[in-house]
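Undergrad: model this:
(2 chains)
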Amino acid sequence: EAGVAQSPRYKIIEKRQSVAFWCNPISGHATLYWYQQILGQGPKLLIQFQNNGVVDDSQLPKDRFSAERLKGVDSTLKIQPAKLEDSAVYLCASSLQTGGSGEQFFGPGTRLTVL
Amino acid sequence: KNQVEQSPQSLIILEGKNCTLQCNYTVSPFSNLRWYKQDTGRGPVSLTIMTFSENTKSNGRYTATLDADTKQSSLHITASQLSDSASYICVVRAAGNKLTFGGGTRVLVKP
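TA: Prediction:
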C-alpha cells in the first residue's frame, strides 16, 4: 500500500513570495490533515478535511494560508505571501475512518525555508 | 485548555541501555493516547495506542504505560539501538476527536 505522498520535499523562497505544497493521501482515506511543525516542536494542525469539506481550520492563518481539496482526494496548501516565521516542515496526514477517529498516516513532509 | 507536556526535551543514551520518556496531559474527556516515532526528515509513525482501560502495551522493544487517574503515560525503550535515534511524540485524542500533540522528546543513541 502506497503511503502519503508530498511534494516538493524541500523549498527555499524569499519572504513575500508565494509557495504551494501538494499532498496525495492514501487511497480511500476520507480525512486529510495539514500540519505545521516548527523545528523542535510537535506538529500543529492547520486544517482538516473530510472528503472535500473543511472540518477544522481554526488554527489556519487565513490572511496568508489557504488550502483546498476540490475532488476529495489530493490537496494543495498555499502560503501567500510568506513570512520568515513560516519556515517549518509542513506535514500532510490522512486517516481512513470518518470523523478522524483512526490512526493518522503521515507523509515525509515539505521543509520550507523562508529567507 | 488541553495540553500535553513531554519530558525530557532531549536525552542521550548509550547503545544497549534502556530509557523512559514521560508524557503528562490535561486533555479531557480522554479518548486515547498514541506514541509516535519521527525519524529525521520523515513523518511520524505510530508505535502504540492506549485507551482508557489499558495500562501497558508493547511493540517490540517499546513499552507504553498509561495511568488515566494521574493522566500520565510513559514510553520505555529497552536495549536501545542506533535506529532508535528519533523524536518521540505523545498525542492525546479527546472524545470529540480533537488531537493535542506534545512537543516531543529527541532521543540520540550513541555507540
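Undergrad: which parts of stretch A:104-115 are buried?
TA: Taking 16 or more other Cβ atoms under 10 Å in any protein chain shown as the basis for neighbour counts, the residues of stretch A:104-115 that come out buried are A:104, A:105, A:106, A:107, A:108, A:109, A:110, A:111, A:112, A:114. In this view, the C-beta of every residue, glycine as well, is placed from N, C-alpha and C.
Undergrad: same check on stretch B:57-77?
TA: Across stretch B:57-77, burial judged by 16+ other Cβ under 10 Å covers B:57, B:62, B:63, B:64, B:65, B:66, B:68, B:71, B:73, B:74, B:75, B:77.
Undergrad: what secondary structure does the fourth one sit in?
TA: Same thing as residue B:64. Judged by DSSP: H, G, I helix; E, B strand; the rest coil, the three-state class of residue B:64 is strand.
Undergrad: and the pLDDT for it?
TA: The predicted structure scores residue B:64 at 97 on the pLDDT scale.
Undergrad: name the nearest residue to it, sequence neighbours excluded.
TA: The spatially closest residue to residue B:64, leaving aside those adjacent along the chain, is residue B:48, at 4.3 Å (Cβ to Cβ, 6 or more residues apart in numbering or on different chains).
Undergrad: does the one you found touch residue B:60 like I think?
TA: No - under the criterion of Cβ atoms under 8 Å, residue B:48 lies out of contact with residue B:60, with a separation of 10.1 Å.
Undergrad: for the buried residues of stretch A:104-115, give me TSV that also has pLDDT, secondary structure and distance to chain B.
TA: What follows is the buried residues of stretch A:104-115, written out as TSV (pLDDT from 0 to 100; DSSP: H, G, I helix; E, B strand; the rest coil; distance: Cβ to the nearest Cβ, whole Å):
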residue	pLDDT	secondary structure	distance to chain B
A:104	90	coil	8
A:105	93	strand	8
A:106	95	strand	3
A:107	96	coil	5
A:108	94	coil	5
A:109	96	coil	6
A:110	97	strand	11
A:111	96	strand	8
A:112	97	strand	14
A:114	97	strand	19
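Undergrad: close to chain B: what parts of chain A are there?
TA: Taking Cβ under 8 Å from any Cβ of the partner chain as the criterion, chain A approaches chain B at residues A:4, A:40-45, A:56, A:91, A:93, A:99-101, A:103-109, A:111.
Undergrad: one more time with 10 Å
TA: Within chain A, the positions adjacent to chain B are A:3-4, A:6, A:9-10, A:31, A:33, A:35, A:37-38, A:40-45, A:48, A:55-56, A:58, A:89, A:91-93, A:97, A:99-109, A:111 by Cβ under 10 Å from any Cβ of the partner chain.
Undergrad: so who does residue B:103 touch?
TA: Applying Cβ atoms under 10 Å, 6 or more residues apart in numbering or on different chains to residue B:103 gives the contacts A:38, A:40, A:41, A:42, B:4, B:5, B:6, B:7, B:9, B:87, B:89, B:90.
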